[in-house]
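Asker: got a predicted model here, sequence first, then my questions.
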Amino acid sequence: MLEARFETPLANCEAATGTYVSLREIGERGMIDLRGSAGDKKFLAAAKAVLEVDLPKQPRTSATWGDIRVFWLSPDQWLITCPRARAQDLSEALSAELAGVHSLAVNVSDMRAIIRLEGEGVREVVMKGTSIDLTHGDYPPGSVRRMRFAEIAALLHVVEDNVIDIYVFRSYAHYAWEFLRKAARKGSEVRVFPKAV
Amino acid sequence: MTGKPYRLATGGSRIDRTKPITFSFDGRMLPAFAGDTVASAVQASGQRVMGRSYKYHRPRGVIGLGSEEMNALIGVGIGARHEPNLRATQIELYNGMTTVSQNRWPSLNFDIGAINNKLSRFFPGGFYYKTFMWPRSFWKHVYEPVIRHAAGLGKAAEERDPDSYEHMHIHADVVVVGGGIAGLTAAEAAAAGGVRVLLIDENPVLGGIADLTAGKVGEGSVADHARAVAERLAALPNVQILSRTTAVGHFHHNYMMAFERVADHDPSLLANGAPRHRLWKIRAGHIILASGALERPIAFANNDRPGIALASAVRGMVERYGVAPGTNGVVFTNNDDAYLTALALRKAGVNVRVVDSRARPQGDLVKLALAEGIEVSPSSVISKVDGTLNVKSVKIAAYRKGQGRVITERQVDCDFIAMSGGWNPALHLWCHNGGKIRFDDGLASFRPNTHTDAITAVGAANGTMSVAETLTEAVAAGEAAAKSVNAKAKALKAKMPAVEEPSRGALEPLWFAPATGGYNEGNKHFIDYQNDVTAADLELAQREGYESVEHTKRYTTFGMATDQGKTSNLNGLGVLSEATGKSIPEIGVTTFRPPYTPYSFGAIAGSLTKDLFLPVRRTPIFQWHKDKGAVFEPVGQWRRAYTYPTAGEDKHAAIAREILAVRNKVGLLDASTLGKIEIKGPDAAEFLDRMYTNMFSTLKVGKCRYGLMMNELGFLTDDGVTVRLADDHFLMHTTSGGADRIAAWLEEWLQTEWTHYKVFVTPVTEQWAQFAVAGPRAREVLQKLEPDFDMSNEAFPHMSFKVGRLGGYPVRVFRISFSGEMSYEVATPANLGRGLWDAILAAGEEFGIEAYGTEALHVLRAEKGYIVVGDETDGTTTPIDVGLEGLVSKKKADFIGKRSLEQSFLKGPNRKQLVGLLTDDPNEVLPDGAYAVREVKDKPPMDMIGQVTSTYMSPTLGRSIAMALIENGRARMGETISFPLEGGKVVKARIVSPVFYDQDGGRINA
Amino acid sequence: MIVVTCPVCGIKGDETDFHYGGQAHVRRPATTDPVNITDEEQRDYLFIRHNPKGLHFERWRCDRGCGKWFHAARDTVTLDFKAFYGITELPPVELQQQAKGPWADYFQSRAKAR
Amino acid sequence: MKSRYSVFSLARNAFSYHKDWERAWRSPSPKAEYDAVIVGAGGHGLATAYYLAKNHGMTNIAVVEKGWLGGGNTGRNTTIIRSNYLQDPSIAIYELSRSLYENLSQELNYNMMFSPRGLMMLCQTEHEFRAMKRTSHANRLAGLDCRMITPAEVKEIVPIVNDDPNCRYPILGAYYQPRGGTGRHDAVAWGYARGADAMGVDIIQNCEVTGIRREGDKVVGLDTTKGFIKTRKIGVVAAGHVSTIMDLAGVRMPIESMCLQALVSEPIKPLIDCVVMANTVHGYISQSDKGELVIGGGTDPYNNYSQRGSFTALEHTVTALVETFPVISRLRMLRQWGGIVDMTGDRSPILSKTDVQGLYVNCGWGTGGFKAIPGSGWVFADTMANDRPHPIAEPFSLKRFTEGRLIDESVAAAVAH
Ligand SMILES: Cc1cc2nc3c(=O)[nH]c(=O)nc-3n(C[C@H](O)[C@H](O)[C@H](O)COP(=O)(O)OP(=O)(O)OC[C@H]3O[C@@H](n4cnc5c(N)ncnc54)[C@H](O)[C@@H]3O)c2cc1C
Ligand SMILES: NC(=O)c1ccc[n+]([C@@H]2O[C@H](COP(=O)([O-])OP(=O)(O)OC[C@H]3O[C@@H](n4cnc5c(N)ncnc54)[C@H](O)[C@@H]3O)[C@@H](O)[C@H]2O)c1
Ligand SMILES: Cc1cc2nc3c(=O)[nH]c(=O)nc-3n(C[C@H](O)[C@H](O)[C@H](O)COP(=O)(O)O)c2cc1C
Ligand SMILES: [Zn+2]
């Protein structure tokens, strides 16, 4: 039988050495794009039935249940992340559960690359490419936000204080990677209100 | 004085005498100390001339103390790292630095261009508008080249800049510009309120001119106080300080740009990874402008001679760098501040006298000077300066306000002059975004008035010249700023230290110090030093009718040099005021524009150059294309493989090989860039009927249909195949370049016009790797990949699709064709794309499969007469023009663009229509974009009837083919038309159907 | 670089996170009456634009954020925003009253129509 | 006639310390009535007045200007002059202009430094390359002297260009107009002003139009900050402010006003002796006689009357140019500014009569009207004098928006300026 061969978006990138925060690709995450109306009770109930967690309704927040995490993207759009192996089943389950409800669930596990930044100063590294203020309490762990990053669109997820995941469309992965490698290069450290807590 | 002519034995708060360094200036090695600037070290060496002026090439020395310097412009570094036009007063020396003077030939002290000075009488302001017109061709060939060669200051680097740059964003509640006592105090007061405070100063050391300011704060000097506040600030967690950073521009919504020179003072940082410059993009809640004031020169005859500097700059040379400006000087002033300079010189052992234009100077500092035995000449001006490369002597004359020329003069020997015409608040940033200013008679200068943005000015920037008032004002401003961003901010409770400072006598404006001989007769009273604009030039502009100050500026170039008139603009207004009898506010100021001081293009570009200049999008197969040696082509942001030449093969041969492989065997194309959009909802079909020109509600589930999209003007913008996945669910394909635009377009209509439609649109372009497997053997190749669906022509006909698996690969397969061959587009999740690509190639090997690129694709489709939006159309082309009338629904009442097709011009006669062309000579390939004419003439103009849109040598047909848009083309089938080419050649071609190959479509359906 | 606030998701960000969509409240004649549109009406719809110096009403999209379109009232001289409001809504009444020239005419005719 | 400018008059005046020069133009108060009034003393308005007087003998006319003459876009543009447009109507007007520029210094006796140093439009994608080839064929058959040049020729003319074949947008060639170039923007306004003034035209500065009076469908005069002026012919030539003035007459315009930015570097020794336009990456550059690099960028996307642009547009332009001419990285920006440009729906100008008798409009030059000043003045004066469109002006009438007869150069050839 012809076996499927898997290759992440950054499979051919140059390793990130000489950086002052660590950079690595997260390649095994599944993603589902879910559309539906936040005002539609049936929709919310069906989504919860499958995901076992309420869809977050507050802008820029996320909700977690076990290995499933749901990002708020818009009043009618969420991004669900899960182990890659579960994505297809989950999206089919969602579609089935949502039959008859105005909605759209698509498995988009391959659409984005995820780059994890870890270490002291990650927020500032990201702020070399975005005008969002990540240093002032508006972005506690769990926050998500879509943004313009360098020259591209990206989604930001603050995982922990010094851990940030950046989601970019797959075709831009190398660009984002190279940008971050340069921004995080040792010797170019820059902090914003470094003494503040 | 030490062995070196001008370095004093002691003093110099900025230099470290234990760290001697050397640097080169115009090839000469000179000694210096760590902490010196180029200005201080060159002056210490005894060299005064540091540059030549723009137009007259007059020798010039240092005038200023910091970023206001307009004369001493220096080039730093060599080769790719050379940077021209830097201000000597701001360049921090490091060991081994290479510096050169500019705009002189052959040398600084002997410059041929100085002949212009001798002829200056013939070059008044704006003279070039009056001459150089005859003979006509001389402008381009003689005058302009000479002018260009003479103009310009330094030289650009010779190679690409090896250093890196970056941007950084920062948000601060309060941004304080300027780290003098005003800024430091305001920052501390704001910080006490618990808000985030960003303090910016362009110098390496905080304190502004505190060290050059008289008085005591508490127990110590003003400088001691500044240092103490700076230290406290440095320890606060909510304060960030950026030094060596210039706030260059203030923009809408309190956006501020600040330019940090990270490594210019220490190139070893570059080697360790630092960017050379960093541009800070600052969003401020409130801005406190504490940018200080700039001292202004006085316009007196030959006031530009090397050895004449601003009084504060002379003071700074002595106190900061331990450099004496000379041995015997004259301080020329109209205010009390310059007396500090006289006192500092006296203290340093330099002989000095004061010339004061005021009748009764009487402040504390004047008294102190008199008490020190300094000779003060009131009611006097300098009426003349002797010396060219150096000041040798001056003439001092009696003066009464308003006097046009002086009568009695006496000569006094001296070797330098320190001048002070008063101080101008640094209003630039206040004005960048429209702040209003008002004239203050006491200062004889403008000061901030009102602003619509959240910004306040304090200290000298606000025209507040006393230390005590500055501190009070700064505390209040800091507290108010904190309160304005955070209502709960606390006030700074610290007690105000007691301030003692000398009383000051009033300044009396002196815009023009008269000389012997009539006003403007031969003497040069420089207003704008760098651009060589004199008082006489300004007056001439007025007389010639260039009355508006903006006209005067442009006619004389006053204020347009690299210092943007920082020190000179107001003097110019003063001169204009005296010449016209209008008050200075009536004359008005020219517009302040960013930047405050020039900053590097490198910093503006930041890190987004080289590999990061505009992103390249890669498909999942990118690496394979690269390894295969593909020639790439940019398509939107994508890089697509154009063709894959093998060793020894040229591009044309490669393309022909790829085409024939598709026609005769099978080819594989990476089509992953095609836009893909999922559209779902009960109204999806109706919605698509609005978006496309043709009907989609009738499409059957499991089927594909080619659709056309217009904009509201009736012009084609995109096309592609859409498939119906379910009753309420579609998958749309768009062109590669159109994917994002079309997704946004659909969203826009749904959100803004048909808001009641229940439709969701989710772009999924990047989820899928998609390949065309095309050619007579395509089915056999896929068959080998273990499809779990029936591949037979009956079960899987043209324009249908399947969802299933090829072995372990989940796929969506669309039987659609852009090549005219039997063709399957196979989509698999992107992360599996490369695997499937390799598998298809392996399976196809026995059938002779070849990867083909975009050029082969384009030829293949042209052979079939398929259009490419963007090639056959150009944004002014309707579907009917390109012969796709059949796809423009007559049944639908409305769709985007329909109404515009009714406009008379779009419906009118003689529109250009798409046709095929066969040249008379089958080996002749018409050039791209060639125009056909109604009638060939000996020479242009000729009446054009249309143009080639696509043209190729068709390997399939063994002859050239072309498509063209020709006036009434469809009615002209069979007609032969002419294309006159460059060099007189005329190519003739016959109009035919654009479908050149397989007209009945048998191959597609095979 | 101006700062825009999305009334849908609440983000406040640089203009580069948003997309400008031109004049607000342009009605597409073909949507309601596809048959009887005159050439002049079509021209007005396609090309004629309110272009005031001062208070203006316009469309924006939260391009890099929630993706939603919304309306804004902005002064074209100071570039200050006066209000952000929903894509299907009219501006706050006080701003309608402040409007001048063609905008004033427009809001009056809307009021009359109701 | 005014005394002539020449090297001799310059020498003569030098001996009297330049005290005897005449005014370049008067500063008159408005008369009660004129045969025609032009609103806006930019290049187009002043040229219109000049040709009304010179070609049509109409000398009882005025130009009213709210600020200082030439202070609008004419005084703030990057001065690129070319005529290599794609479409016939565009070629006709821009080439008329360019050819008038050739002799304008002599005709006006004012050196406007028209400098045909050559202009090239880089081709940095296949698509652009093909579009330029098409334009080159069209231009050749229209009789323009232009040609495609190879990357090697580009490098020879502009040695500092980035010729790395692996860079993001390698140069595939360029479209070259040897007689394109630049002119001194202020001098164009001043020369026309001086010329018009000499024939008796009143140029009234600091005089803002605040109302247009109509009787039925005829104009009868205008209100200004210097009082009412009676006239039966009004030519509105006010660029970015045209909508605000036409609103006063009740005529709605297909115009949006946007801020277009430009900047100059510090002056440096000659570095680039040709105008270069890089349309794919959006940057335009030339070097002025004084040595600054004059750089033009994009417009901010939103309606804007502030005459100040955002940093973004400028940043993109500079980045593009640093990438295209890498040695400029260590040069520095001296000044940036903005101008309020009048953008039409098809990005082509409007030279037109209106539904109101006696009201004419000349606008919509957007980002590219400096090069058109002489030709536009010529045909617009003719249109106003004869109350019918000059044949070259005809395609640019307001009617085209009703008929769909758009002249869209930007979608056709993807080039601005
Ligand atoms: C940054 C920039 C770069 C450009 N680069 C180029 C280029 O390289 N090449 C090129 O060909 N073109 C270029 N252009 C375009 C060109 O500058 C303009 O198209 C051209 O100058 C327009 O001239 P005008 O006479 O129509 O308008 P303006 O010169 O703007 O004159 C209009 C006048 O009308 C006056 N006015 C307005 N309202 C009133 C009123 N109510 N009453 C009285 N007077 C009024 C204004 O004050 C102004 O003086 C550029 C424009 C800008 C802004
Ligand atoms: N004639 C006088 O009497 C006179 C004149 C000037 C100053 N003073 C005294 O000095 C005090 C002024 O202190 P101050 O703090 O207002 O001024 P200051 O000159 O001491 O400090 C201003 C600081 O701002 C910096 N700066 C200016 N523009 C900048 C920019 N765009 N970006 C970054 N940095 C910038 C300057 O380099 C300087 O370091 C007054 O209170 C007065 O006592 C007196
Ligand atoms: C072609 C050209 C060259 C210019 N060169 C300079 C220059 O060398 N120095 C300068 O200060 N400004 C220069 N400017 C900019 C003007 O000072 C001014 O900013 C511009 O004309 C807009 O006017 P404003 O800033 O008064 O609004 C130049 C402008 C143009 C159009
Ligand atoms: Zn939003």
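Answerer: Received, thanks. Numbers count the residues shown, from 1 in each chain, chains lettered A, B, ... in the order given. Ligands and ions are numbered 1, 2, ... in the order given.

Asker: going forward, measure contacts and count neighbours with C-alpha atoms only.
Answerer: OK.

Asker: could you pull out the helices for the chain?
Answerer: Just so you know, I chose chain A. Ranges of helices in chain A, per DSSP state H, are A:41-51, A:84-97, A:122-127, A:173-183.

Asker: correction: the question concerned chain D.
Answerer: Under DSSP H, chain D gives helices at D:7-15, D:43-56, D:88-102, D:104-108, D:126-142, D:151-157, D:185-198, D:242-248, D:311-324, D:373-386, D:400-403, D:409-413.

Asker: could those helices go into TSV alongside distance to ligand 3 and mean neighbour count?
Answerer: Rendered in TSV, the data for those read as follows (distance: least, CA to the nearest ligand atom, whole Å; neighbours: other CA atoms under 10 Å in any protein chain shown):
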stretch	distance to ligand 3	mean neighbour count
helix D:7-15	24	16
helix D:43-56	13	27
helix D:88-102	17	20
helix D:104-108	17	19
helix D:126-142	26	23
helix D:151-157	21	16
helix D:185-198	6	26
helix D:242-248	19	21
helix D:311-324	14	24
helix D:373-386	15	25
helix D:400-403	32	21
helix D:409-413	23	19
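
Asker: got the contact list for the lowest-mean-pLDDT helix or strand in chain B?
Answerer: Least confident helix or strand, chain B: helix B:115-118 with a mean of 79, by mean pLDDT, DSSP states H and E. With CA atoms under 8 Å, 6 or more residues apart in numbering or on different chains as the test, helix B:115-118 has contacts from B:55-58.

Asker: about what we covered before: can you add mean pLDDT and distance to chain B and give the helices of chain D back as CSV?
Answerer: Below are the helices of chain D laid out as CSV (pLDDT from 0 to 100; distance: least, CA to the nearest CA, whole Å):
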stretch, mean pLDDT, distance to chain B
helix D:7-15, 86, 5
helix D:43-56, 98, 15
helix D:88-102, 96, 9
helix D:104-108, 96, 6
helix D:126-142, 94, 4
helix D:151-157, 97, 14
helix D:185-198, 98, 7
helix D:242-248, 97, 21
helix D:311-324, 94, 4
helix D:373-386, 98, 18
helix D:400-403, 96, 5
helix D:409-413, 70, 5
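
Asker: need those helices in a markdown table (columns: distance to chain C).
Answerer: A markdown table is the format used below for the helices of chain D (distance: least, CA to the nearest CA, whole Å):
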| stretch | distance to chain C |
| --- | --- |
| helix D:7-15 | 44 |
| helix D:43-56 | 21 |
| helix D:88-102 | 20 |
| helix D:104-108 | 35 |
| helix D:126-142 | 26 |
| helix D:151-157 | 34 |
| helix D:185-198 | 25 |
| helix D:242-248 | 6 |
| helix D:311-324 | 6 |
| helix D:373-386 | 22 |
| helix D:400-403 | 5 |
| helix D:409-413 | 16 |
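
Asker: with distance to residue A:97 added, can I get those helices in JSON lines?
Answerer: JSON lines is the format used below for these (distance: least, CA to CA, whole Å):
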{"stretch": "helix D:7-15", "distance to residue A:97": "90"}
{"stretch": "helix D:43-56", "distance to residue A:97": "67"}
{"stretch": "helix D:88-102", "distance to residue A:97": "60"}
{"stretch": "helix D:104-108", "distance to residue A:97": "77"}
{"stretch": "helix D:126-142", "distance to residue A:97": "47"}
{"stretch": "helix D:151-157", "distance to residue A:97": "60"}
{"stretch": "helix D:185-198", "distance to residue A:97": "69"}
{"stretch": "helix D:242-248", "distance to residue A:97": "56"}
{"stretch": "helix D:311-324", "distance to residue A:97": "46"}
{"stretch": "helix D:373-386", "distance to residue A:97": "67"}
{"stretch": "helix D:400-403", "distance to residue A:97": "52"}
{"stretch": "helix D:409-413", "distance to residue A:97": "47"}
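
Asker: adding distance to ligand 4, write those out as JSON lines.
Answerer: Below are these laid out as JSON lines (distance: least, CA to the ion, whole Å):
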{"stretch": "helix D:7-15", "distance to ligand 4": "65"}
{"stretch": "helix D:43-56", "distance to ligand 4": "43"}
{"stretch": "helix D:88-102", "distance to ligand 4": "42"}
{"stretch": "helix D:104-108", "distance to ligand 4": "54"}
{"stretch": "helix D:126-142", "distance to ligand 4": "35"}
{"stretch": "helix D:151-157", "distance to ligand 4": "45"}
{"stretch": "helix D:185-198", "distance to ligand 4": "44"}
{"stretch": "helix D:242-248", "distance to ligand 4": "32"}
{"stretch": "helix D:311-324", "distance to ligand 4": "21"}
{"stretch": "helix D:373-386", "distance to ligand 4": "44"}
{"stretch": "helix D:400-403", "distance to ligand 4": "35"}
{"stretch": "helix D:409-413", "distance to ligand 4": "31"}
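
Asker: ok so, going back, most neighbours among the contacts of helix B:115-118, please name it.
Answerer: residue B:58 (28 neighbours; other CA atoms under 10 Å in any protein chain shown).

Asker: ok, for that residue, nearest residue in space, not its chain neighbours?
Answerer: Using CA to CA, 6 or more residues apart in numbering or on different chains and skipping residues adjacent in sequence, the residue nearest residue B:58 is residue B:52, 5.3 Å away.

Asker: remind me which residues of the chain are low pLDDT?
Answerer: Assuming you mean chain A. A:196-197 (pLDDT under 70).

Asker: my question was about chain D, not that one.
Answerer: Looking at chain D by pLDDT under 70, you get D:1, D:412-417.

Asker: quick one, what contacts the spatially closest residue to residue B:398 that is not a sequence neighbour?
Answerer: Once flanking residues are discounted, residue B:398 sits nearest to residue B:380: 4.5 Å by CA to CA, 6+ apart. Applying CA under 8 Å, 6+ apart, we find residue B:380 in contact with B:355-358, B:396-400.

Asker: backbone dihedrals for the residue in chain B that ligand 3 sits nearest to, please?
Answerer: Here chain B gets closest to ligand 3 at one residue, residue B:560, 3.3 Å apart by CA to the nearest ligand atom. Here is the backbone geometry of residue B:560 (degrees, to the nearest 10): phi -100, psi 10.

Asker: gap between it and residue B:54?
Answerer: To residue B:54, residue B:560 is 12 Å away according to CA to CA, to the nearest Å.

Asker: the two: which has the busier surroundings?
Answerer: Using other CA under 10 Å as the criterion, residue B:560 and residue B:54 rank with residue B:54 on top: 23 against 18.

Asker: test my guess that that one contacts residue B:528.
Answerer: No. Residue B:54 is beyond contact range of residue B:528, at 10.6 Å (criterion: CA atoms under 8 Å).

Asker: overlap in contacts of those two?
Answerer: Contacts common to residue B:54 and residue B:528, judged by CA under 8 Å, 6+ apart, are absent.

Asker: ok, and the closest non-adjacent residue to residue 4?
Answerer: Unless you meant another one, I'm taking chain A. residue B:808 (4.8 Å).

Asker: please refer instead to chain D.
Answerer: Residue D:4 sits nearest to residue D:109 (CA to CA, 6+ apart), 6.8 Å away.

Asker: go ahead and confirm the one you found touches residue B:130.
Answerer: Yes. If you go by CA under 8 Å, residue D:109 and residue B:130 touch, sitting 7.5 Å apart.

Asker: the two - which one has more neighbours?
Answerer: Per other CA under 10 Å, whichever of residue D:109 and residue B:130 has more neighbours is residue D:109, with 22 against 19.

Asker: now residue A:37: how far from residue B:688?
Answerer: 21 Å.

Asker: re the thing from before, now the contacts of helix B:115-118 as TSV including pLDDT and secondary structure?
Answerer: Output for the contacts of helix B:115-118, formatted as TSV (pLDDT from 0 to 100; DSSP: H, G, I helix; E, B strand; the rest coil):
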residue	pLDDT	secondary structure
B:55	85	coil
B:56	86	coil
B:57	87	coil
B:58	90	coil
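
Asker: so where is the stretch 1-150 of chain B shaky, pLDDT-wise?
Answerer: B:1-5.

Asker: closest point of it to ligand 4, which residue?
Answerer: residue B:67 (42.9 Å; CA to the ion).
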